[in-house]
Structure formats: structure tokens, C-alpha cells
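Peer 1: output the structure for:
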Amino acid sequence: MIAIIGATGTIGSELLKRLADLGVPARALSREPEKLRNRLGDAGKSTIEVAGADAADPESLRRAFAGVKQLFLTISNSPRQVELELSIIRLAAEAGIEHIVKISSPAFEELSPVAVAGWHRDIESFLDESGMTRTVLRPYAFMQNLLRHVPTITAQGAFFGVMGDAPCNFIDCRDIADVAAEVLTNQEAAGRIYTLTGPEIYSYPQIADKLSDLLGKTIRYINVEPQAMHRNLTEQGRMPPWLANHVVEIQTMSTLVPERPTDDVTRLLGRQPRTLDGFLQENVEIFR
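Peer 2: I've put the predicted structure just below:
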């Protein structure tokens, strides 16, 4: 049995679809199990079960981990992330879980200015010492996160950032889910660290050009100062300050550390990862 923490998230929900298609038994954990059951509908009813559990409630996790041999772990970034994930790992070890697949961070330099990357580094270190087999997935920027720019693109014909013209790795969350399904169902692929990217790197100005071509109108990328970006995210976007810090830090990291694609997705799946061009074309109506 595979337990899924983060089953309602972008990656976790896609992973459930993959496991259902493969007929692999899985237990999706959620604080709102009825809502998740309704979302799943008939999909995977024969192999996917839903259990009520909360990452902050150890007793609920102990119940949900009964009979589980593998755990997929991804929770939303938050100031409590280290505390919660270390607790989950301890409980998993106590429950006899043998293998954890963790979603981590690619910005992994010891002196990284990305605070969230430091959180993931601490969690990975703890996981390494747990005695369980661990597989770590380090995906770069999600293509799906580009949809967060839709409001300003539709209203102003522009989107904003602090990345200048630095090229950045992007990956489709569906490819991350496909990789997770592979390492959960293929023992030979388990126990390693994988850095996940799409097939090519793109700058924000290049993405603006692609959107302009697709939409038949000019879409601009406007570079702003980090302080202005942070202020806009907190005041206009109502983001908590720690999350605004993360957005600014991760974009700034792209200007400081050169990025390049890896072939980890291709080696694991035997196919090329999804392209940014394909993702934008698939979602073109959302950007109009």
C-alpha cells in the first residue's frame, strides 16, 4: 500500500490518477476526506481509498499509516514545514514504512539565499538518517505556476518578476507525477535523488514572446526591483510575507545560479518531458 500526503495538491492529484490507471493500491490522505472522495468520483474507486488525516495530528497519521509500505510526501511550503515533515518521517518509521518519496527543492547550495531550500535541506538530512529507503525529487519551476500571471496578463497585457532575462528551468507537474509513479512502482529506480526539469530553458521575456504569438497581441514581461515585487505580492496579492520572500528569493536565485536542463525525466520515463510550448498552447484560452 502506498500512502499519499499532498493528495489534493497539483502533483499529488496527478499522481493519484497515474496510480489509478496502473491499478496500484493507494491511500490518499486528506484533512477533508469527503471533499477528496467527491473530487475523485469514480476514478480509481477499485484501488484508491481515502483516509482522513492531518499532518499536524500524529494520531490521525498513525491510523492512516497502518499497513502502508511506501509514502509519497509533499506538503505546501510553510514556516512549519520542517516541524511537520520531520514528525511525518518519524511516524512513518515507527509504522514500518520502508520507502519515502519526497518532493524537495532544486536550489540546494549550502549558502543558498532561498530560505525554503534550507528547510528542505534539513528535512532531507533527517530523512537520510531515518533508516528508510528515500527517493528525493527536486523539481524546478512548475509550468502550472505560470497561470498565476493570468490576472495581469488579461488585464494589463503584462506580467512582472525579478528574473531579468535569466533563462529558467520549467517542468510540467504531470511529469513530476509520472516520475513519482515510476519510483513508487519500480524498485530499481528508488533510493536516488532526481533533479527534474523540462527539455529546454526559457527566460520570462521569451515566454512573453511566446504568449504574444499565441494570443495575437503584445504581452510584455516587466522586470521590477525585488523590494517593489515583495511589496506588490504582500499588498496587492495579499501574500504572507514569508511566501512573498520565497517568490522573490527563488526568482533572484535564477539570476545568480545558471540553470540547465537535466535528462532525469527522460532516463526514468523513456520519453521526453512535456514542453513549455505544449503547455502554453494547451492553456491558451486561459491567458486570453
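Peer 1: show me what counts as buried in stretch 155-162.
Peer 2: Applying a neighbour-count criterion of 16 or more other Cβ atoms under 10 Å, one finds 159-162 buried in stretch 155-162. Quick note: C-beta positions are derived from backbone N, CA and C, even for glycine.
Peer 1: contacts for it, please.
Peer 2: Stretch 155-162 has contacts (Cβ atoms under 8 Å, 6 or more residues apart in numbering) with 149, 152-153, 204, 208, 217-226, 229, 232, 248, 251-252, 255.
Peer 1: what does stretch 55-65 give?
Peer 2: The contact list for stretch 55-65, computed with Cβ under 8 Å, 6+ apart, reads 3, 5, 27, 29, 51-54, 71, 75, 80, 84-85, 87-88, 91-92, 94-95, 97.
Peer 1: stretch 205-212 now?
Peer 2: With Cβ under 8 Å, 6+ apart as the test, stretch 205-212 has contacts from 146, 153, 159, 165, 167, 202, 218-221, 276-277, 280, 287.
Peer 1: likewise for stretch 66-79?
Peer 2: Contacts to stretch 66-79, defined as Cβ under 8 Å, 6+ apart, come from residues 1-6, 9, 11-12, 15, 27, 55, 65, 81, 84-85, 88-89, 92, 95-103, 116, 119, 180, 184, 242-243, 246.
Peer 1: among those, which ones are buried?
Peer 2: Counted by 16+ other Cβ under 10 Å, the contacts of stretch 66-79 give 2-6, 9, 11-12, 15, 27, 55, 65, 81, 84-85, 88-89, 92, 95, 97, 99-103, 116, 119, 180, 184, 243, 246 as buried.
Peer 1: can I have the buried ones of the contacts of stretch 155-162 as a ChimeraX selection?
Peer 2: The following ChimeraX line selects those of the contacts of stretch 155-162 that are buried, judged by 16+ other Cβ under 10 Å:
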select :149,152,153,204,208,219,220,221,229,248,251,252
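Peer 1: out of the contacts of stretch 155-162, which are inside helices?
Peer 2: Judged by DSSP state H, helices contain the following of the contacts of stretch 155-162: 152-153, 204, 208, 226, 229, 232, 248, 251-252, 255.
Peer 1: please identify the helix or strand for residue 102.
Peer 2: When elements are assigned from DSSP states H and E, residue 102 belongs to strand 99-103.
Peer 1: residue 21: neighbouring residues, count only.
Peer 2: By other Cβ atoms under 10 Å, 12 other residues sit near residue 21.
Peer 1: measure residue 201 to residue 170 for me?
Peer 2: 8 Å (Cβ to Cβ, to the nearest Å).
Peer 1: same question for the strand ranked longest in the chain, mean pLDDT?
Peer 2: Ranked by number of residues, the top strand in the chain under DSSP state E is strand 133-139. In this model, strand 133-139 has a mean pLDDT of 96.
Peer 1: hang on, the earlier thing: could you find the lowest-pLDDT member of the ones in helices among the contacts of stretch 155-162?
Peer 2: Minimum pLDDT for the ones in helices among the contacts of stretch 155-162 is recorded at residue 255 (80).
Peer 1: I'd say that one and residue 163 touch.
Peer 2: Yes: using Cβ atoms under 8 Å, residue 255 is in contact with residue 163, at 6.0 Å.
Peer 1: does residue 50 sit in a helix, a strand or a coil?
Peer 2: Following DSSP: H, G, I helix; E, B strand; the rest coil, residue 50 is assigned to strand.
Peer 1: near it, how many other residues are there?
Peer 2: Neighbourhood size, residue 50 [other Cβ under 10 Å]: 24.
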